[in-house]
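In: Got a sequence here, can you build the structure:
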Amino acid sequence: MIKIENIGKRYTLVHDDRESDSLRETIALFLKDPFAKHVSKESFWALRNISLEIKKGEMIGVIGKNGSGKSTLLKLIAGITKPTEGKIYLYGRVSSLLEIGTGFHPDLTGKENIFLNGVIMGMSRKEVKDKFDRIVDFAGVGKFLDVPVKRYSSGMYIRLAFAVAAHIEPDILIVDEVLSVGDAEFQEKCMKRMEEISKIEGRTVLFASHNLEAIQRLCNRTVLLEQGRIIRSGKTREVIRSYYV
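Out: All right, here's what the predicted structure looks like:
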């Protein structure tokens, strides 16, 4: 379902070498003369030489310390950003839940966002309507469907966002650490839903998390990232064990 060939993602970091006593001074100096000689640039590779193949129905864990490249990898696969080098081949419809705010329009109501996301994913209005009650029931935000989502709490937002992402029948579901925002009961509900998507419906799931117990429970295979590179890939139990070494 997913084939990744030697991808890399490079960012340009801008440094102001002038000394200042406060953040306000630093910003003022930079805005006054952003192209001066004391401004230097540095290339930073968030990911480098990443190759990976993921089969249909697999649930793959992605682990690593903060800054290891987990979120960058998932954003590249989801098509949110493009790789600097290498190629990514996807076979099927992708649904992702990577951070609060992804895919929802804050001024639209919960109901409007459900239909908007479904259409963006290539579904007809009838298909979304057929799944509407299941999505609302799963999210548990029925009383607030006619309220703009910018009024939602972070927990409500995530409940609805995950419900939409997990019920519009994606071939590939990508989920980042964002689920940690929800309460324990809802997290368990999400875990069960991801198990259904992979084991019963035969769809592909990528799950990045610092919750190694959840990774151990859900994923047969896991990838360990460090400083933008894959340092271990294989059976989840073995990869998690190496993470602690």
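
In: Show the pLDDT at the closest residue to residue 218 other than its chain neighbours.
Out: Of all residues beyond its chain neighbours, the one nearest residue 218 is residue 59 (5.6 Å), with distances taken as Cβ to Cβ, 6 or more residues apart in numbering. The C-beta positions use only the backbone N, C-alpha and C, and glycine is treated the same way. Residue 59 is assigned a predicted lDDT (pLDDT) of 94.

In: and if you look at residue 113?
Out: Note on residue 113: pLDDT of 93.

In: One more: the one 3 residues further on?
Out: pLDDT, residue 116: 90.

In: how about the strands in this structure?
Out: Along the chain, counting by DSSP state E, strands occupy 2-16, 39-54, 59-63, 85-90, 94-97, 172-175, 204-208, 221-226, 229-235.

In: Would you format these as JSON lines with distance to residue 107 and mean neighbour count included?
Out: As requested, the strands of the chain are arranged in JSON lines below (distance: least, Cβ to Cβ, whole Å; neighbours: other Cβ atoms under 10 Å):
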{"stretch": "strand 2-16", "distance to residue 107": "30", "mean neighbour count": "15"}
{"stretch": "strand 39-54", "distance to residue 107": "32", "mean neighbour count": "15"}
{"stretch": "strand 59-63", "distance to residue 107": "33", "mean neighbour count": "25"}
{"stretch": "strand 85-90", "distance to residue 107": "30", "mean neighbour count": "14"}
{"stretch": "strand 94-97", "distance to residue 107": "20", "mean neighbour count": "22"}
{"stretch": "strand 172-175", "distance to residue 107": "25", "mean neighbour count": "24"}
{"stretch": "strand 204-208", "distance to residue 107": "29", "mean neighbour count": "25"}
{"stretch": "strand 221-226", "distance to residue 107": "36", "mean neighbour count": "21"}
{"stretch": "strand 229-235", "distance to residue 107": "40", "mean neighbour count": "16"}
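
In: possible to save those as a markdown table with distance to residue 131?
Out: Supplementary listing: those in a markdown table, determined by distance: least, Cβ to Cβ, whole Å:
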| stretch | distance to residue 131 |
| --- | --- |
| strand 2-16 | 24 |
| strand 39-54 | 25 |
| strand 59-63 | 22 |
| strand 85-90 | 22 |
| strand 94-97 | 12 |
| strand 172-175 | 15 |
| strand 204-208 | 18 |
| strand 221-226 | 29 |
| strand 229-235 | 34 |
